[in-house]
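Q: structure for this input, please:
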Amino acid sequence: MTPFSVVIPARMASSRLPGKPLADIGGKPMVVRVAEQAAKSAAGQVLVATDHPDILTACARYGIQAVMTRPDHASGTDRLAEVVAAQPWDDGRIVVNVQGDEPLIDPALINRLARLMADSGVPMATVAHPFHAAADMFNPNVVKVVLDHVGRALYFSRAPIPYARDAFAHDTNALPPDLPVLRHIGMYAYQAGFLKTYSSLAPAPLETFEALEQLRVLWHGHAIMVATVDEAPAAGVDTPEDLERVRAIFAGA
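A: Residues are numbered from 1 along each chain as shown. Reported below is the predicted structural model:
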């Protein structure tokens, strides 16, 4: 398999769960659990990118490689760009971004995304899965993506896309069985050289209105390949309730 690296952005600030990266899960900080799970993939390197010395210290305690980054990045992609600029990676190096609140991330999904990058030669890739609930289709917190015939993203939106005009004119409580609607999952892979390019791209109006940073990439004419999986990956930790759910899973493992 083509060599790749995993970078895990881990910010201390969280409005719903303060200090989230250091939240205890079965005796270890969450960010360590994420790094250990990512290390089960075929990645040649797993690196935590943080903005807080306490996270750096926690990673060192468990032998996890970590680097400090600026605290003022607007997005995780910008944080990755800073990491890439400081690493001795060539521009073709594949970098998979695993969120720091995903202690149940599937290593096989990391491998699949890295393999898609290697096989397609695109600068960026992400993940989506089918869904069948009309309520999700019309939920602005659920991001939808529409693909072309080879699996490249045409557009991401919080709006209901693709819109089944005739079917929805009669019933918005059911999805047509053949509607190609996909739910976007916020996991990304990049070519290292493209991350350097991304940091120089101006924000796009579409990105601003939709509050979706990946639209900057499409706006400037770059391709995003999408790996379509059958089911949603395990949910991350956003709330105290999520944290208790994950703690129970680790306790029962």
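
Q: ok, Glu102 - contacts?
A: Residues in contact with Glu102 (Cβ atoms under 8 Å, 6 or more residues apart in numbering) are Val34, Gln37, Met187, Pro233, Ala234, Gly236, Val237. C-beta here means a position set from N, CA and C on the backbone, and glycine is covered the same way.

Q: ok, the closest residue to the second one other than its chain neighbours - how many residues close by?
A: Leaving aside its chain neighbours, Gln37 sits nearest to Ile105 (5.3 Å; criterion: Cβ to Cβ, 6 or more residues apart in numbering). Residue crowding around Ile105 was assessed by other Cβ atoms under 10 Å; the count is 23.

Q: figure out how far stretch 203-214 is from the centre of its chain.
A: Offset of stretch 203-214 from its chain centre (Cα atoms, centre = their mean, to the nearest Å): 16 Å.

Q: list the buried residues of it.
A: For stretch 203-214, burial by neighbour count (16 or more other Cβ atoms under 10 Å) applies to Ala204, Glu207, Glu210, Leu212, Glu213, Gln214.

Q: return the subset of those residues lying in strands.
A: Using DSSP state E, the subset of the buried residues of stretch 203-214 located in strands is empty.

Q: re the thing from before, in TSV: the contacts of Glu102, plus pLDDT.
A: Conversion of the contacts of Glu102 to TSV gives the following (pLDDT from 0 to 100):
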residue	pLDDT
Val34	97
Gln37	96
Met187	91
Pro233	85
Ala234	86
Gly236	87
Val237	89
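
Q: report the buried members of those.
A: For the contacts of Glu102, a neighbour count by 16+ other Cβ under 10 Å gives the buried set as Val34, Gln37, Met187, Gly236, Val237.

Q: could I get those as a markdown table with distance to Met225 and secondary structure?
A: As requested, the buried ones among the contacts of Glu102 are exported to a markdown table (distance: Cβ to Cβ, whole Å; DSSP: H, G, I helix; E, B strand; the rest coil):
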| residue | distance to Met225 | secondary structure |
| --- | --- | --- |
| Val34 | 24 | helix |
| Gln37 | 23 | helix |
| Met187 | 13 | strand |
| Gly236 | 22 | coil |
| Val237 | 27 | coil |
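
Q: which pair of these spans the longest distance?
A: Met187 and Val237 (14.7 Å; Cβ to Cβ).

Q: count residues in the vicinity of Lys196, would you?
A: If you count neighbours by other Cβ under 10 Å, Lys196 ends up with 14.

Q: what do you get for Leu109?
A: Counted with other Cβ under 10 Å, the neighbours of Leu109 add up to 19.

Q: that one contacts Pro233, correct?
A: Yes - counting by Cβ atoms under 8 Å, Leu109 touches Pro233, with 5.9 Å between them.

Q: contacts only, for the residue lying closest to Val34 once chain neighbours are set aside.
A: Once flanking residues are discounted, Val34 sits nearest to Pro103: 5.2 Å by Cβ to Cβ, 6+ apart. By Cβ under 8 Å, 6+ apart, the contact set of Pro103 is Ile25, Met30, Arg33, Val34, Gln37, Gly236, Val237, Val246, Phe250.

Q: list just the nearest of those residues to Ala164.
A: Among these, and counting by Cβ to Cβ, the member closest to Ala164 is Gly236, at 30.0 Å.

Q: quick one: that closest one from Asn111, how far?
A: Counting by Cβ to Cβ, to the nearest Å, the gap from Gly236 to Asn111 is 19 Å.

Q: quick check: buried residues in the helix or strand where Ala125 lies?
A: Per DSSP states H and E: Ala125 is located in strand 124-130. Buried residues in strand 124-130, counting neighbours by 16+ other Cβ under 10 Å, are found at Met124, Ala125, Thr126, Val127, Ala128.

Q: no more questions from me, cheers.
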